[in-house]
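Q: let me see the structure of the following:
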Amino acid sequence: MSGQKVLDVHTDPDPGAQDSPGHVQSKPNLHKYTYTTLPGYFLQDDPATKPGSFEFMKTNFGLVQRSYDSDENLPNKGRDMTAWQRFENHITTLNRAEERKRHGSEEGSHTRYKLLFLGRHGNGYHNIAERYYGSEAWDCHYSALDRDPEHVMVWSDAHLSKEGRRQAAEVNDFWKAQIKGQKMSLPQTYFVSPLDRAMETAQITFKGLLDKFDPTVMERLREGTGIHTCDRRSDVSYIRDHYPEFITTQDPLLTESDEFWDPDLREPDDAVTTRLGKLFDQLMQSEKFKNSERISFTSHSGAIGATLRVLGHRSFSLGTGAVIPVFVKVEMSKELDKRHGVGGQGEGGNHAKVVDGQDASLADTMAVDKSKWGKIPSCPADMDLKTVGQKRWKMDLKDFVTGVENGTVQLEEVAFRGVH
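A: Numbering: from 1, shown residues only. Prediction:
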């Protein structure tokens, strides 16, 4: 992917916490469903693939060239088809086999196979600000502000920069090329974070590819939150005004004002992972998600890192605007199966009504224990906040922003954080 990659996770409350290279995350046992990333389908699954140098737009989304048992049932065994056509046929074949099991006995099968496209938002003004001031000054001071003291830019509910919009447009062109050259199918269902930079990225990414682009806005898909104003979302009325086709009525957790962001406490990584696990359990109770094979999520670096942990995928950092596909096997837990009386009333019939034996409206809330959330760190005593950016870049913020926007200033790549 050309342009400026930003590999940081500005939301990570623990900059020192990192995984060893190539470590495959264990899946936390927190969920009603089991999510397993199936290896051998994408280069991103392979520990030998280095995230910092990997370019998904030069590698066919990273799809591995291989054969499938399902090729045998294709005309000419799929020899005249593209790699993506054969892979999509493979997914459908697996799901049809599971569907036959579901209808063939009371025990049935409660397994589904899904291809998830996890897209990170394009470069935002908060990314530019963190680069200018440095992560230390950003975390201890500037991230808690709505904007810079000189009023050059605002990063509260951070919007895309010009560079970020360019990145999203580049992915849009890539999708068009994939559809034409690889005969690749678009996702069937779309979900997006309620933060503006993710919504605008999704809007630009899929512009002109669908008759109507109406992703569902999900509260739990947001970035790690608290203290940093860039992660404080706008009101739902703002979303409806600026993204009128986006669906804001399907998630009961998406309240008018942001009730989840905390001005004094920062959500830690393990809490973000728990939240994303709950999101997938929440989505598995909806027919829209459950019956889709190809699903798009547009969110954030920290949220994607947590999603990969939930799905059992290896750690894999994404530059701003990048996308990672993940092929997932989803299995319903036996406990949930018995609770909902699957055999007698049809699979999943009561999912939307009952969560852990309680009414969903009572159990399925964003209320969390914040006792382990972190406070804003103290700035070093010798740090001059007024001059820290000038000293780092030998230019004022206005010139720095202009340079980033026109490409004369390159944002340095830093180690990806929040991947443990």
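Q: which parts of the stretch 301-420 of the chain are strands?
A: Assigned by DSSP state E, counting those that start in this stretch, the strands in the stretch 301-420 of the chain fall at 323-332, 354-355, 358-359.
Q: dump those to a markdown table, plus mean pLDDT, mean neighbour count and distance to D369.
A: Where C-beta positions appear, they are placed from N, C-alpha and C, glycine not excepted. Shown next, in a markdown table, are those (pLDDT from 0 to 100; neighbours: other C-beta atoms under 10 Å; distance: least, C-beta to C-beta, whole Å):
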| stretch | mean pLDDT | mean neighbour count | distance to D369 |
| --- | --- | --- | --- |
| strand 323-332 | 96 | 20 | 27 |
| strand 354-355 | 34 | 18 | 18 |
| strand 358-359 | 35 | 10 | 18 |
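Q: what's the closest of these to T273?
A: strand 323-332 (15.3 Å; C-beta to C-beta).
Q: against S53, how distant is S70?
A: The gap separating S70 from S53 is 32 Å, by C-beta to C-beta, to the nearest Å.
Q: follow-up on the earlier one: could I get the strands of the stretch 301-420 of the chain as a markdown table with distance to E170?
A: Shown next, in a markdown table, are the strands of the stretch 301-420 of the chain (distance: least, C-beta to C-beta, whole Å):
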| stretch | distance to E170 |
| --- | --- |
| strand 323-332 | 11 |
| strand 354-355 | 40 |
| strand 358-359 | 45 |
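Q: below-threshold pLDDT in the stretch 51-200 of the chain: ranges please.
A: 104-109 (pLDDT under 70).
Q: do you have the strands of it handy? List them.
A: Here the stretch 51-200 of the chain has its strands, by DSSP E, counting those that start in this stretch, at 111-120, 189-192.
Q: quickly compare those strands and say which is most buried.
A: Comparing these by mean neighbour count (mean count of other C-beta atoms under 10 Å), strand 189-192 comes out on top with a mean of 24.
Q: so which bits of the helix or strand where Y238 lies are buried?
A: Under the criterion of DSSP states H and E, Y238 resides in helix 236-242. Residues of helix 236-242 classed as buried: 236, 239 (neighbour count, 16 or more other C-beta atoms under 10 Å).
Q: check what contacts that helix and list those residues.
A: Identification of contacts with helix 236-242 by C-beta atoms under 8 Å, 6 or more residues apart in numbering yields 194, 196, 199, 217, 246, 248, 254-257.
Q: only the C-alpha atoms, please, for that helix, written as CSV.
A: C-alpha atoms of helix 236-242 as CSV (Å, rounded to 0.1, in the frame of the first residue of the first chain):
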residue,chain,number,x,y,z
VAL,A,236,-26.1,9.6,17.3
SER,A,237,-28.0,12.6,15.9
TYR,A,238,-24.6,13.7,14.4
ILE,A,239,-24.1,10.3,12.8
ARG,A,240,-27.6,10.4,11.3
ASP,A,241,-27.0,13.9,9.9
HIS,A,242,-23.6,13.1,8.4
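Q: tell me how far the next helix or strand after it is from the chain's mean position?
A: Next along the chain after helix 236-242, taking DSSP H and E as the criterion, comes helix 269-283. When C-alpha coordinates are averaged (C-alpha atoms, centre = their mean, to the nearest Å), helix 269-283 and its chain have centres 12 Å apart.
Q: list the buried residues for the helix or strand just after helix 269-283?
A: As assigned by DSSP H and E, the chain's next helix or strand after helix 269-283 is helix 287-290. Buried residues in helix 287-290, counted by 16+ other C-beta under 10 Å: 289-290.
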